[in-house]
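Undergrad: just the structure for this:
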Amino acid sequence: MMEEGQGSTGALRAGVAVAVVTGLGAFGPAIGISPAWIVILVGGGLVALSVDAATCQGMGGHVLAEALPGGEARLRRIAVHEAGHLLIAEDEQLPVQRVMVGTLACLQAGLRSSGATEFTVPDSVRMPLEDLRRWSRVLQAGIAAETVVYGIARGGADDRALLGRLWGLSGHDVATAQREQRRARREIEQQLKRRHQDLETKAGELLSLAPRLMR
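TA: From the prediction side, this is the model:
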């Protein structure tokens, strides 16, 4: 699953909003902006934030960012992340329920995220070691795909959390879990490097299907 620091992004957005309001109040009248318009703009902004929080779970800014010029680059990174999951899941024969690219697609599915690949959760938490290795490869594939294409990964917090839970409930010790996860990460990074073109092609396919505002 792809999440891009929503807490830090929200704090940044709030800081920018405060700076804009302060700037309008201090310099707006001096450059000819009516105080009445400043009140309307600030009030409208507060209403928009309230509506976003109530209807879009605070993700409206992400939806808007993906619709604006430059938004496709953001969506493409998400598509690369999810394409990594999808390619490795196919190789490992783990069934994928659905893939969503973009905040709008996730909100339509009732998820608070910018991208997601959903799998069938194992019935048993005490899986054989080889199954845990397969899940280690699949769940780290999004991070590996971003690393291969961009040099660094931004998403994957939920993937790491789920993988940690699977290993934590498996009965294996921490050292074994960490060693196997590092091994899996190395394997899939090499695998995705060899399949770089397949990764780019799959990401392009997912990107073409991603819903956006005004499209």
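Undergrad: now do the strands in this structure.
TA: Under the criterion DSSP state E, the chain carries strands at the ranges 96-101, 115-119.
Undergrad: need the winner for burial among those strands.
TA: Mean neighbour count, computed with mean count of other CB atoms under 10 Å, is highest for strand 115-119 among these, reaching a mean of 22. Backbone N, C-alpha and C define where each C-beta goes, glycine included.
Undergrad: output it as CSV, nothing but the C-alphas.
TA: Taking Å, rounded to 0.1, in the frame of the first residue of the first chain, the C-alpha atoms of strand 115-119 are listed here in CSV:
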residue,chain,number,x,y,z
GLY,A,115,-2.8,3.6,-3.5
ALA,A,116,-3.4,0.0,-2.6
THR,A,117,-3.0,-3.6,-3.8
GLU,A,118,-5.3,-5.9,-1.9
PHE,A,119,-4.6,-9.5,-1.3
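Undergrad: dump the strands of the chain into CSV; add mean pLDDT and distance to Asp173 as well.
TA: CSV is the format used below for the strands of the chain (pLDDT from 0 to 100; distance: least, CB to CB, whole Å):
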stretch, mean pLDDT, distance to Asp173
strand 96-101, 95, 30
strand 115-119, 93, 25
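Undergrad: quick one, which of these is nearest to Lys202?
TA: strand 96-101 (9.7 Å; CB to CB).
Undergrad: so what strands line up beside that closest one?
TA: strand 115-119 (antiparallel) (DSSP bridges).
Undergrad: mind saving the C-alpha coords of stretch 190-208 as PDB?
TA: Extracted in PDB, the C-alpha atoms of stretch 190-208 (Å, rounded to 0.1, in the frame of the first residue of the first chain):
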ATOM      1  CA  GLN A 190      17.300  -7.800  -8.400                       C
ATOM      2  CA  GLN A 191      14.300  -9.400  -9.900                       C
ATOM      3  CA  LEU A 192      12.600  -6.100 -10.700                       C
ATOM      4  CA  LYS A 193      15.900  -4.600 -12.000                       C
ATOM      5  CA  ARG A 194      15.900  -7.500 -14.500                       C
ATOM      6  CA  ARG A 195      12.300  -6.800 -15.300                       C
ATOM      7  CA  HIS A 196      12.500  -3.100 -15.400                       C
ATOM      8  CA  GLN A 197      10.700  -2.800 -18.700                       C
ATOM      9  CA  ASP A 198       7.900  -5.100 -17.500                       C
ATOM     10  CA  LEU A 199       7.600  -2.900 -14.400                       C
ATOM     11  CA  GLU A 200       7.400   0.300 -16.500                       C
ATOM     12  CA  THR A 201       4.800  -1.200 -18.800                       C
ATOM     13  CA  LYS A 202       2.600  -2.500 -15.900                       C
ATOM     14  CA  ALA A 203       2.900   0.900 -14.200                       C
ATOM     15  CA  GLY A 204       1.800   2.600 -17.400                       C
ATOM     16  CA  GLU A 205      -1.200   0.300 -17.600                       C
ATOM     17  CA  LEU A 206      -2.300   1.100 -14.000                       C
ATOM     18  CA  LEU A 207      -1.700   4.800 -14.500                       C
ATOM     19  CA  SER A 208      -4.000   4.800 -17.600                       C
END
